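quick one: sequence and predicted model below, then my questions.
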Amino acid sequence: MSVVFDCFQTQSNMTNKQQSIPKLNTVLHTGPIENPIVALEDIFHNGGVTLIQAAFKHSFFLSPELVRGKPPKFPNFARTSRTHYTNKKKGDSAVWKGSAVTLDDNSKAQSAWAQYSGRALSRKTGYGVRHIWGNPWNPDVYTAGWNLCYMPFWVGMLTESQHPHPALQKAIKQVAYELFFKGNPICNPPDFVTDPGFALELRKHLGAQPINILRRGNTTRTGAPTIRGGVLPITLIPPEPEFKQVILRTHKANICVTYEDGRSESRTWNISQITEHSNIIGNIRTRPEFRSKNWRDNGIKSVKVTAQPRYEK
């Protein structure tokens with residue numbers, strides 16, 4: 001009887017709980033659908049800030065001194081474009097104004113940002129690297145620091161031609177122009193970089209909101225620590241001495257590099273000279289990208305080297 005009573009009591013409680021939940025408040029909408037950008041502006045305004053103030057509060061520009069006189073981080077890469085690189089995808093080779101380039105999906109722009117700022121990108125936080133002046137298909141500006149801004153996805157969306165907020169577009173370009181090209185230019189700007197003429201309007205929109213300028217740091221946007229010291233972790237598969245025994249026969253290995261922003265890149269290592277007395281780990285550490293300062297600046301987290309043919313446990 002007690003079991004039956006408990007079940008009945010549980011069902012009764014559930015029924016009472018369901019009865020206490022009010023019905024959803026619905027309305028039959030027959031009029032036009034409000035412009036979502038206008039709606040977003042109203043929401044910010046009701047919260048005591050403008051949309052542009054909120055956008056700049058959470059957007060980050062590189063310090064001009066980090067990019068002054070420096071070429072693009074990856075001058076032989078460009079982002080895919082249906083217009084400029086028809087029927088081409090990431091990893092394909094293409095030609096830009098007579099020069100060979102490798103096509104990318106914005107990964108190199110993210111890597112460039114990490115290298116300029118010394119900060120790993122925060123993953124799954126709603127932030128992304130955007131091109132202030134566009135033209136990511138142009139390798140001369142695709143990974144140039146003056147063309148990169150770290151901003152929330154909702155801000156980036158409003159700077160693109162598909163969902164434009166004209167005042168925000170002009171405001172971001174005006175800030176970038178004054179930071180990088182007005183007075184003491186960090187480099188010779190391309191033809192499409194000009195003064196937007198939005199200086200007075202910008203200051204009216206911003207009010208007391210400052211512009212966030214990033215210098216090199218040792219934390220991510222969310223405060224998580226970034227590895228800046230210590231020794232680069234390198235793992236051999238299989239471990240020594242079996243690793244060396246395999247490559248003494250094959251003279252090949254696969255190097256997989258994992259970055260602090262979550263990306264990974266793999267490539268083949270053709271080992272032309274090796275003996276039983278070779279220091280494998282030491283040899284890897286002497287590669288330019290894995291040397292003490294370089295691996296930190298490149299945002300590398302760890303390296304895994306697998307002897308070929310592929311090692312199977």
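Looks like it came in fine.

for residue 199, grab phi and psi.
When read as degrees, to the nearest 10, the backbone of residue 199 gives phi -60, psi -50.

check contacts around it.
The contact partners of residue 199, by Cβ atoms under 8 Å, 6 or more residues apart in numbering, come to 174, 178. Heads up, the C-betas are built off the backbone N, CA and C, glycines and all.

report pLDDT for it.
Per-residue confidence (pLDDT) for residue 199: 95.

what does the one 4 residues further on give?
Per-residue pLDDT puts residue 203 at 94.

for the one 10 residues further on, same thing?
At residue 213 the predicted local distance difference test score is 92.

what's the answer for residue 243, then?
Note on residue 243: pLDDT of 88.

what stretches of the protein score poorly on pLDDT?
Low-confidence segments of the chain (pLDDT under 70): 1-19, 122-123, 217-230, 293, 310-313.

the spatially most central residue of it: what secondary structure?
In the chain, the C-alpha nearest the mean C-alpha coordinate belongs to residue 110, at 3.8 Å (Cα atoms, centre = their mean). Following DSSP: H, G, I helix; E, B strand; the rest coil, residue 110 is assigned to helix.

likewise residue 195?
Classified using three-state DSSP, residue 195 is coil.

for it, what are its contacts?
Applying Cβ under 8 Å, 6+ apart to residue 195 gives the contacts 174, 177, 182.

one more pass at 10 Å, please.
When contacts are counted by Cβ atoms under 10 Å, 6 or more residues apart in numbering, residue 195 touches 173-174, 177-178, 181-182.

okay, now the domains of this protein?
37-214, 234-307 (automatic domain parsing).

out of those domains, which one sits most buried?
Of all these, domain 37-214 has the most neighbours on average by mean count of other Cβ atoms under 10 Å, namely a mean of 17.

now do it: distance from first to last residue.
28 Å (Cα to Cα, to the nearest Å).

chain center to that domain: distance?
The chain centroid and the centroid of domain 37-214 are separated by 12 Å, computed with Cα atoms, centre = their mean, to the nearest Å.

repeat for stretch 29-47
From the chain centre to the centre of stretch 29-47 is a distance of 30 Å (Cα atoms, centre = their mean).

tell me where this protein has helices.
Counting by DSSP state H, the chain has helices at residues 2-20, 36-46, 51-57, 64-67, 107-117, 139-142, 153-158, 166-180, 199-206, 242-250, 280-285, 292-297.

need the ones you listed in a markdown table (columns: distance to residue 97).
As requested, the helices of the chain are exported to a markdown table (distance: least, Cβ to Cβ, whole Å):
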| stretch | distance to residue 97 |
| --- | --- |
| helix 2-20 | 68 |
| helix 36-46 | 36 |
| helix 51-57 | 34 |
| helix 64-67 | 22 |
| helix 107-117 | 18 |
| helix 139-142 | 9 |
| helix 153-158 | 27 |
| helix 166-180 | 23 |
| helix 199-206 | 33 |
| helix 242-250 | 41 |
| helix 280-285 | 37 |
| helix 292-297 | 29 |
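
and of the ones you listed, who's closest to residue 236?
Residue 236 lies closest to helix 242-250 among the helices of the chain, at 4.4 Å (Cβ to Cβ).
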